[in-house]
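Chemist: Quick one, fold the following:
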Amino acid sequence: MSAHSGVLTALSQAPLGIAIFDREMRYLAASSRFLTEQGLPGDLPLVGRHHYEVFPDIPERWREIHRRALAEGLELSHEADPFERYNGRVDWIRWSLKPWRDDDGEIGGLVLYTEFVTPAVEARARLEAAEARYRAVFDQAAMGVARVAPDGRLLEMNDRFCVMLGYDRDELTGMDFQQITHPDDLDSNITLTDALLAGSIETYSMEKRYIAKGGQVVWNNLTVALVRNTAGEPDYFISIIDDIGARKQAEAEQKRYQGQLRLMINELNHRVKNTLATVQSMASQTLRGESDPEIVYEKLEARLLGLSQAHDVLTREHWHGAELRDLAERALGPFLDATADQITLRGPAAWLQPGAALSMALILHELATNAVKYGALSVVEGKVDMTWTLEGQQLQVIWTERDGPRVKPPRRKGFGTRLIERGLRGELRGAVTMSYERSGLVCTMQAQLAERTDQLSLFEGA
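Modeler: Down below sits the predicted model:
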């Protein structure tokens, strides 16, 4: 066997698609792999046959490539060139084309190497499509998405993640999640992350606070999964955050509402008990001091009227409390109607809590009732000046009667006086001084007012 025939035999058995042509593109040799990849029998005789005769459907662009390589001595190649078969199927070929030269250095023809790489190209196409889908989901997701390294560094994040935390992408890249996690949530976050790395859990979710740019605290629901590499080692985390700030605010409002509702119910119970106790005391004292049923009825009715007038003011204010002036005008209304020029009210705005307002209304009603019966309001020329001052939360009210009949200290302390003293000691947290001057009664009341708060009320329909 000649050396030439041995080379051709070896070439025909090469594990690559190889074909050798002369300058006229006639076959000098071809490997069996070249033939079988083209869908031809591996032992088909090709030597001496024209390439374009064997493959008449070769596109013009490839024919032009052959001409250029022969004319210019070019070495050409392509990593993945589409090749459409007669049945319409498209295969992908990696090829290289190189001129061969004779002993005189002249181009004698071409050597063509081919390899069908359709599976690799299709796999790459599938991978690129998957990556494109992933990128579309990653970038366009309505939630914040980030890839996070096992040590906590932020590797990649979508636009929504950046917007939710107020940073741009360059600022976040390289930061770690520990830096943007609220200190009160950091320990639990790290504990869950460690469990994920250890393999004891597959994923986790938690509600956590992030520190956004500028220091703003933002609530998010965080879901984390771990991606491992082919060796099973942790590669990166996928972290998804969803803004729950509105829900957290609603929960806080609901909690505040429930707390205020409990306070309101307790306060309502307290007020009802106190009101019933007041009515009981008024009835008991009125009955004890009088034997005439008609007088008892009149006194009790008048006192209950004073109490109801205070309730009217508080109801109008949704039982948050009442202004002292409004309260005085309502409590003294029956007396002002008949003697409009006999009573004057002067003082700054002073807000009384509900319990204090009820006590003050009863006190003013008792003072006015006594003034009508025995004091300045029992005569046409009599006058009553009610003045008050407020320093901080210290209230002083002075009830001054003048130009009425001469008054004397009572021989015994009546119900009205006891009611006034009890009211000042209780809800008003103060004291009273009764001075019986020749010109008329002077009642000085000291009270400690609570600071005004806007509590929830049933009357607001909340």
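Chemist: Only C-alpha atoms from now on, for both contacts and neighbour counts.
Modeler: Will do.
Chemist: residues contacting the residue nearest to residue 381 when sequence neighbours are not counted?
Modeler: If you skip the residues right next to it in sequence, residue 381 has residue 403 as its closest partner in space, 6.3 Å away by CA to CA, 6 or more residues apart in numbering. Taking CA atoms under 8 Å, 6 or more residues apart in numbering, we find residue 403 in contact with 376, 381, 382, 383, 439, 440.
Chemist: per-residue confidence at residue 403?
Modeler: At residue 403, the model reports a pLDDT of 89.
Chemist: can you check residue 338 too?
Modeler: With respect to pLDDT, residue 338 has a value of 48.
Chemist: Ramachandran angles for residue 62?
Modeler: phi -70, psi -40 (degrees, to the nearest 10).
Chemist: Can you report how many residues neighbour it?
Modeler: Neighbouring residues of residue 62 were enumerated by other CA atoms under 10 Å; the total is 10.
Chemist: quick one on the thing from earlier: among the contacts of residue 403, the buried ones, what's the PyMOL command?
Modeler: The following PyMOL line selects those of these that are buried, judged by 16 or more other CA atoms under 10 Å:
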select buried, resi 376+382+383+439+440
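Chemist: Okay, and which of the contacts of residue 403 map to strands?
Modeler: Within the contacts of residue 403, membership in strands is found for 383, 440, as judged by DSSP state E.
Chemist: Would you reformat the contacts of residue 403 as a markdown table and include pLDDT and distance to residue 370?
Modeler: Conversion of the contacts of residue 403 to a markdown table gives the following (pLDDT from 0 to 100; distance: CA to CA, whole Å):
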| residue | pLDDT | distance to residue 370 |
| --- | --- | --- |
| 376 | 88 | 9 |
| 381 | 87 | 16 |
| 382 | 89 | 13 |
| 383 | 90 | 13 |
| 439 | 84 | 15 |
| 440 | 89 | 12 |
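Chemist: Could you point out which of the contacts of residue 403 is nearest to residue 101?
Modeler: Within those, the smallest distance to residue 101 is 135.7 Å, found for residue 383 (CA to CA).
Chemist: Quick check: pLDDT value at the nearest residue to the closest one once chain neighbours are set aside.
Modeler: The spatially closest residue to residue 383, leaving aside those adjacent along the chain, is residue 342, at 4.7 Å (CA to CA, 6+ apart). Here, the pLDDT recorded for residue 342 equals 86.
Chemist: Ok, residue 139 next?
Modeler: According to the predicted model, the pLDDT of residue 139 comes to 66.
Chemist: ok, now residue 49?
Modeler: In this model, residue 49 is scored at 92, pLDDT.
Chemist: Residue 383 versus the residue nearest to residue 381, what's the distance?
Modeler: Taking CA to CA, to the nearest Å as the criterion, residue 403 is separated from residue 383 by 6 Å.
Chemist: Need the residues touching each of those two.
Modeler: Joint contacts of residue 403 and residue 383 (CA under 8 Å, 6+ apart) are residue 376.
Chemist: For residue 364, see how far away the residue nearest to residue 381 is.
Modeler: Computed with CA to CA, the distance linking residue 403 and residue 364 is 19 Å.
Chemist: Kindly reformat the contacts of residue 403 as a markdown table containing distance to residue 244.
Modeler: Formatted as a markdown table, those follow (distance: CA to CA, whole Å):
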| residue | distance to residue 244 |
| --- | --- |
| 376 | 67 |
| 381 | 70 |
| 382 | 68 |
| 383 | 65 |
| 439 | 70 |
| 440 | 68 |
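Chemist: how about the helices of the chain, start to end?
Modeler: The residue ranges that make up the helices of the chain, judged by DSSP state H, are 3-12, 32-37, 51-54, 60-72, 118-140, 159-165, 169-172, 183-198, 245-289, 293-316, 324-331, 333-338, 354-373, 415-425.
Chemist: quick check, distance from stretch 421-429 to the centre of its chain.
Modeler: Once both centres are worked out by CA atoms, centre = their mean, to the nearest Å, stretch 421-429 turns out to sit 47 Å from its chain's centre.
Chemist: can you give me the end-to-end distance of that stretch?
Modeler: 10 Å.
Chemist: now do stretch 408-418
Modeler: Between the opening and closing residues of stretch 408-418 lies a distance of 18 Å (CA to CA).
Chemist: Let me see the mean pLDDT of that stretch.
Modeler: The average pLDDT for stretch 408-418 rounds to 71.
Chemist: where in the stretch 351-462 of the chain is pLDDT low?
Modeler: Within the stretch 351-462 of the chain, the stretches falling below the threshold (pLDDT under 70) are 413-416, 423, 453-462.
Chemist: change it to 80
Modeler: Counting by pLDDT under 80, the low-confidence segments of the stretch 351-462 of the chain come to 354-355, 358, 410-427, 451-462.
Chemist: residue contacts, residue 36?
Modeler: Residues near residue 36 by CA under 8 Å, 6+ apart: residue 42.
Chemist: what do you get if the cut-off is 10 Å, keeping everything else the same?
Modeler: The neighbours of residue 36, taking CA atoms under 10 Å, 6 or more residues apart in numbering as the test, are 17, 42, 43, 44.
Chemist: So which of these is the closest to residue 191?
Modeler: Minimum distance to residue 191 across those is 58.2 Å, recorded for residue 17 (CA to CA).
Chemist: follow-up on the earlier one: residue contacts, the residue nearest to residue 383?
Modeler: 335, 336, 376, 377, 379, 380, 381, 382, 383, 384, 385, 401.
Chemist: ok, the nearest residue to the fourth one once chain neighbours are set aside - how many residues close by?
Modeler: Distance criterion CA to CA, 6+ apart; nearest residue to residue 377, sequence neighbours excluded, is residue 371 at 5.1 Å. The local packing of residue 371 (other CA under 10 Å) involves 22 other residues.
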